[in-house]
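1. Here is the input, now give the coordinates:
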Amino acid sequence: MSTILSGMEQGSFEGAGLPALLLRIWNSRFTGALKFDQPNSMRIITFKDGNLVGLTSDRVEDTIEEFLRASGKLSEDQISAVLDRKPVEEDAGTAFVRSGLLTPREWEGIANAQMVSVIASMLPLSAVGQYRLQPSRIEWEGPAFAAPAVLIDSVMQCEDRHWIAKMLPMDAVLALETIGGDALSTSISYAPEELQPLVQLVDGERTVEEICRNSSQDNFNVCKFLYAMELAGALRRMMPDELSRTVKLPFKAAAAVAAGTSGPSTGAGPAAESREATVQRSISFLANEEEAARTAHRRRHLSLPVLLVILVGALAVVAGVLYWVRGPTLRREPVRTEAPSFFQEPQLPQTQPVPQTQEAAGEELDPLLAAVGSGEIDRAVDISRERLLKAGLNYYTVVLETDCETRSVQTAFENGDSSPSLFVLSTLFKGRKCYNVCWGLYRTSKDARREAGSLPRYFRTQGGHKIVLLADLLVTD
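-> A predicted model of the protein is given here:
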């Protein structure tokens with residue numbers, strides 16, 4: 001584990017903060033998984049050299065299938081056909097690109113949308129829950145996303161006004177960060193183009209509220225942009241002592257600094273009541289500005305029906321005049337034409353079935369089977385975990401047996417004919433490190449129970465199989 005992440009291997013986001021942790025992972029070029037546990041959900045983000053390369057979740061709305069449907073690029077049948085045929089060790093992106101249904105660029109856009117949306121939903125809740133960093137070897141050839149870019153997009157997509165107001169109060173003063181070289185230009189390049197000119201209003205003197213009032217952009221978007229730039233290291237919050245030395249503040253802002261009610265969170269902290277009052281004032285400002293925008297919007301909408309009524313009346317008058325002048329011509333029978341006949345049911349692209357066995361594929365022995373055969377069960381666990389993270393967490397599996405001896409795991413694989421449906425994960429049993437030998441991935445628990453009846457004879461005679469959601473299994477792994 002990198003020295004940058006030393007002491008942060010696990011803990012609560014209340015202390016670390018999700019944005020800070022993502023940026024530390026990025027700077028340390030960490031490779032492995034970040035497991036995020038909340039009372040009702042679990043997500044796992046995988047990294048390769050600090051870049052975000054994968055995300056799995058046990059929430060249906062977070063799954064890549066939902067983002068594929070939302071993209072409108074594929075039908076339900078096409079999505080199901082590819083996911084049902086792909087091998088466990090193949091990630092969904094590779095499967096869809098290989099099938100010809102998506103281009104690499106299209107898949108990258110969908111994967112990025114999933115990453116940004118899920119992290120945006122986690123930002124306001126990041127203080128609730130635990131995290132754990134797990135270094136591991138990850139082979140990855142798919143799209144990789146820079147943490148600053150994902151973080152900026154996630155903040156811009158966040159809709160929690162209270163959280164933004166809490167993170168960046170209206171009386172905060174920001175300055176351009178001069179340390180760190182090109183952090184400013186790099187961070188700005190990740191931001192929406194229409195908001196990039198806002199940095200010209202950041203001069204170390206204006207408060208966030210003043211920047212909002214001097215901008216033609218929506219105030220909530222301005223606040224999100226400024227906070228995102230601060231997180232990415234392009235802007236810094238001015239300390240109270242810096243303000244008193246270098247800036248002649250407006251009366252209200254100067255009074256707030258003197259009373260200890262503004263300035264960054266790293267300075268001398270104000271009383272809890274003052275902080276809450278600052279947040280409430282910031283929320284009220286955003287709400288009032290939003291209400292003013294809605295009022296203007298309603299006025300524009302009220303004027304539209306009036307214009308439409310006038311326009312329809314004018315057209316009716318013109319039509320009446322034309323009918324009176326050219327009545328015989330206008331009353332001729334219309335020419336009837338047949339509807340075009342080229343509307344046909346779209347044909348699904350034909351995909352070739354993927355070989356499921358090493359013999360059919362003509363390849364060397366599966367690394368998972370090789371690891372089990374040589375008694376390296378922990379390495380087999382790492383390979384299994386890597387493949388399962390690519391497959392996703394919303395699958396069910398059959399836990400065949402729990403073994404605490406290496407030879408018992410090997411015996412299970414031998415009696416399972418070393419099937420590609422077998423995999424192994426670690427677990428704790430009575431305080432001892434053991435292993436769950438599992439069979440297959442299934443979309444529903446019903447499918448898994450049905451399959452349990454056709455397992456190899458060795459396992460059918462044992463009985464006692466458990467149907468487990470993969471997300472629950474990985475929590476204890």
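2. Now do the strands in this protein.
-> 10-12, 32-38, 41-48, 51-57, 130-135, 174-176, 235-237, 396-403, 422-429, 432-442, 466-469 (DSSP state E).
3. what's the most buried one of those?
-> Highest mean neighbour count of these: strand 51-57, a mean of 24 (counted as mean count of other C-beta atoms under 10 Å). Just so you know, the C-beta spots here come from the backbone N, C-alpha and C atoms, and that holds for glycine as well.
4. what residues does it touch?
-> 22, 26, 41-47, 62-63, 91, 114-115, 118, 138, 140, 142-147, 150, 389-390, 392-394 (C-beta atoms under 8 Å, 6 or more residues apart in numbering).
5. That one versus strand 32-38: what angle between them?
-> Interaxial angle, strand 51-57 versus strand 32-38 (axes from the mean of the first three to the mean of the last three C-alpha atoms, to 10 degrees): 40 degrees.
6. Just the angle for strand 51-57 relative to strand 41-48, thanks.
-> Using the same axes, to 10 degrees: strand 51-57 against strand 41-48 is 160 degrees.
7. ok, now which ones touch Leu195?
-> By C-beta under 8 Å, 6+ apart, the neighbours of Leu195 are Gln217, Asn221, Val222, Phe225.
8. Nearest spatial neighbour of the second one, chain-adjacent residues omitted?
-> The shortest distance from Asn221 to any residue that is not its chain neighbour, by C-beta to C-beta, 6 or more residues apart in numbering, is 6.5 Å, and that residue is Leu195.
9. Against Ser136, how distant is that neighbour?
-> 37 Å (C-beta to C-beta, to the nearest Å).
10. Glu205 too?
-> 48 Å.
11. Next: Ser121.
-> Taking C-beta to C-beta, one finds Ser121 at 25 Å from Ser136.
12. neighbour count winner among those two?
-> Between Ser121 and Ser136, counted using other C-beta atoms under 10 Å, the more crowded position is Ser121 (20 against 15).
13. do you know how far the more buried one is from Arg69?
-> Distance from Ser121 to Arg69, by C-beta to C-beta: 18 Å.
14. What of Val399?
-> 31 Å.
15. still on that earlier bit, which entries within the contacts of strand 51-57 meet the buried criterion?
-> Among those, those classed as buried by 16 or more other C-beta atoms under 10 Å are 22, 26, 41-47, 62-63, 91, 114-115, 118, 138, 140, 142-145, 147, 150, 389-390, 392-394.
16. residue contacts, Val116?
-> Contacts of Val116 (C-beta under 8 Å, 6+ apart): Val150, Asp153, Ser154, Gln157.
17. can you count the residues close to the last one?
-> What it means is Gln157. 15.
18. In the stretch 301-450 of the chain, mark out all the helices, start to finish.
-> For the stretch 301-450 of the chain, applying DSSP state H, counting those that start in this stretch gives helices covering 327-330, 358-361, 367-373, 377-391, 406-415, 445-452.
19. Check those helices for me and report the most buried one.
-> Most buried among those, counting by mean count of other C-beta under 10 Å: helix 377-391, with a mean of 21.
20. quick check: angle from it to strand 130-135?
-> 120 degrees.
21. residues in contact with helix 377-391?
-> 33, 44, 46, 54, 56, 88-92, 136-139, 367-368, 371-372, 406, 409, 423-426, 435, 441, 470, 474, 477.
22. Tell me where the model's unsure across this protein.
-> 1-7, 13-16, 125-128, 178-185, 239-364, 463, 475-477 (pLDDT under 70).
23. and Glu66, how many neighbours?
-> 14.
24. show me what contacts it?
-> Contacts for Glu66 (C-beta under 8 Å, 6+ apart) come out as Val60.
25. Try it again at 10 Å.
-> By C-beta atoms under 10 Å, 6 or more residues apart in numbering, Glu66 lies in contact with Arg59, Val60, Gln114, Ser117.
26. ok, of these, which come out buried?
-> Looks like these have Arg59, Gln114, Ser117 buried, using 16+ other C-beta under 10 Å.
27. hey, where'd the helices end up in the stretch 151-300 of the chain?
-> Using DSSP H, counting those that start in this stretch, helices in the stretch 151-300 of the chain cover 161-167, 183-190, 208-213, 219-231, 240-246, 251-258, 272-325.
28. List the buried residues of the third one.
-> Okay, so that is helix 208-213. Residues of helix 208-213 classed as buried: Val208, Glu209, Glu210, Ile211, Cys212 (neighbour count, 16+ other C-beta under 10 Å).
29. nearest to Tyr458, of these?
-> Minimum separation from Tyr458 among the buried residues of helix 208-213 (C-beta to C-beta) is found for Val208, which lies at 66.9 Å.
30. For Lys224, which residues are in contact?
-> Here Lys224 is in contact with 152, 154-159, 161, 164, 167-168, 191-192, 195, 218 (C-beta under 10 Å, 6+ apart).
31. please redo it, this time with the cut-off set to 6 Å
-> Shown in contact with Lys224 (C-beta atoms under 6 Å, 6 or more residues apart in numbering): Val155, Met156, Ile164.
32. try Leu441
-> So Leu441 contacts Val88, Tyr395, Thr397 (C-beta under 6 Å, 6+ apart).
33. mind running it again at 8 Å?
-> Contacts of Leu441 by C-beta under 8 Å, 6+ apart are Val88, Leu388, Ala391, Tyr395, Tyr396, Thr397, Leu470.
34. what's the answer for Asp153, then?
-> So Asp153 contacts Asn112, Val116, Ala120, Tyr190 (C-beta under 8 Å, 6+ apart).
35. now do 10 Å
-> Taking C-beta under 10 Å, 6+ apart, one finds Asn112, Ala113, Met115, Val116, Ser117, Ile119, Ala120, Phe145, Tyr190, Ala191, Pro192, Ala228 in contact with Asp153.
36. State the distance from the fifth one to Arg59.
-> What it means is Ser117. Distance from Ser117 to Arg59, by C-beta to C-beta: 11 Å.
37. and if you look at the third one?
-> Distance, Met115 to Arg59, by C-beta to C-beta: 14 Å.
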